[in-house]
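Visitor: Have a look at this prediction, sequence included:
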Amino acid sequence: MSQTISHTEVLQVRADELWEAVKQADTLMRANMPEFFAKSEYVQGNGEPGSIRVIILGSAIPHVGQIKERVDKFDDATMTMAATVLEGDPRYSSFSEQVQLVPKGDTTEATWTAKYEPVGDMGPPEEKKALSALMLKTLERAVLDKKTLTHVQTLDVSPEDIWKACERVDDILAKAMPQFFETVTLLNGHGEPGSVRVVKMGPAVPHAGEVTERMDLFDKETRKLGYTVLKGDPRYWCFKATMQFNEGPTKGTTEGLWMASYGPLGNMGPPEHIWGIVQLVWKALAGDVKEHPELYA
């Protein structure tokens, strides 16, 4: 007969930020809890419901080795994920678990619930309950450890023109910086908020390979854009950035503001290298304005 065990904990971070960490749990667990989670790999799908993954467990769980599980639910609206163990744990004939996050102001009520059928006289999975609590605290710590980096630079073209250049940035960078940006492919949308694109990085960025980004903001009135890296940069478990172009200190100039929010993995420092690329991008945009004034009249 199926039995139930649960655990609820209040975590000191916002639910939306914690949910973003849940989405990157595989990466965060391998980085921060390798003694429990050595490796994970999707053998079917990419994390959506119906996906199947194999998890190689670490030395702290020697009696299991590896498990195969199916993702049953991954719902952004209710911030709920659920999975069923298909094989690997001989102590239970069936085992499924669910994690749900409930916003409580600037904190989160996180509830882990498991349904299980023990084999023989096996008791409730108290060690899985304890492990779930440790995982939630690890995700909380990752969110608390997120950092920001801000830079400001003056550009010698007007903010109106630099924004027009942003509207055709892919064409400009393909010609001006092919060593950094080899190809850009839109997976959905046309560059508006919600659009997703894959950027194949060039030989000047050999560690990145392909980066998948979502456009979060593209506002002509405020000349502000923002994007989130969905996958592809192994140095950060999360990375978001905004750019805004305001009137500069003198007429016809622009004050460019770049702000990044990031969660480093391991001992990775701040993304000054990314700021370096942003400076080159802004230089290329300003250069296009000067080289093709007819396009900005």
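Guide: Now that the structure is in, tell me what you want to look at.

Visitor: Quick check, central residue of this structure?
Guide: Cys238 (3.9 Å; Cα atoms, centre = their mean).

Visitor: right, and that one touches Asp145 too?
Guide: No: the pair Cys238 / Asp145 is not scored as a contact, 10.6 Å apart, by Cβ atoms under 8 Å. C-beta: built from backbone N, CA, C; applies to glycine.

Visitor: shared neighbours of the two, anything?
Guide: Common neighbours of Cys238 and Asp145, using Cβ atoms under 8 Å, 6 or more residues apart in numbering, are Gly263.

Visitor: What's the local residue count around Val211?
Guide: 18 (other Cβ atoms under 10 Å).

Visitor: For it, which non-adjacent residue is spatially closest?
Guide: Gly232 (3.6 Å; Cβ to Cβ, 6 or more residues apart in numbering).

Visitor: so how far is Val196 from the one you found?
Guide: Counting by Cβ to Cβ, to the nearest Å, the separation of Gly232 from Val196 is 12 Å.

Visitor: in this structure, which spans are helices?
Guide: Secondary structure of the chain (DSSP state H): helices located at 15-23, 25-32, 126-144, 159-166, 169-176, 272-291.

Visitor: same question for the last one, mean pLDDT?
Guide: What that stands for is helix 272-291. For helix 272-291, mean pLDDT rounds to 96.

Visitor: In terms of secondary structure, what does it contact?
Guide: strand 147-155, helix 159-166, helix 169-176, strand 236-247, strand 254-264 (3 or more Cβ pairs under 8 Å, 6 or more residues apart in numbering; DSSP states H and E).

Visitor: try the second one
Guide: Using 3+ Cβ pairs under 8 Å, 6+ apart as the contact criterion, the neighbours of helix 25-32 among helices and strands are strand 37-44, helix 126-144, strand 236-247.

Visitor: Extract the CA atoms of the shortest one and return them as PDB.
Guide: Extracted in PDB, the C-alpha atoms of strand 37-44 (Å, rounded to 0.1, in the frame of the first residue of the first chain):
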ATOM      1  CA  PHE A  37      25.100  13.700  -7.100                       C
ATOM      2  CA  ALA A  38      28.000  12.700  -9.300                       C
ATOM      3  CA  LYS A  39      26.400  13.000 -12.700                       C
ATOM      4  CA  SER A  40      23.000  13.300 -14.400                       C
ATOM      5  CA  GLU A  41      22.000  12.800 -18.000                       C
ATOM      6  CA  TYR A  42      18.800  13.000 -19.900                       C
ATOM      7  CA  VAL A  43      18.300   9.900 -22.000                       C
ATOM      8  CA  GLN A  44      15.000  11.100 -23.300                       C
END
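
Visitor: Mind listing the strands that strand pairs with, and their directions?
Guide: Sheet pairing of strand 37-44 (DSSP bridges) gives strand 52-57 (antiparallel).

Visitor: how distant is the partner strand from the center of its chain?
Guide: 20 Å (Cα atoms, centre = their mean, to the nearest Å).

Visitor: Serialize the helices and strands packed on helix 272-291 to a markdown table and add fields for distance to Met29 and mean pLDDT.
Guide: What follows is those, written out as a markdown table (distance: least, Cβ to Cβ, whole Å; pLDDT from 0 to 100):
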| stretch | distance to Met29 | mean pLDDT |
| --- | --- | --- |
| strand 147-155 | 21 | 97 |
| helix 159-166 | 37 | 97 |
| helix 169-176 | 35 | 92 |
| strand 236-247 | 10 | 96 |
| strand 254-264 | 14 | 97 |
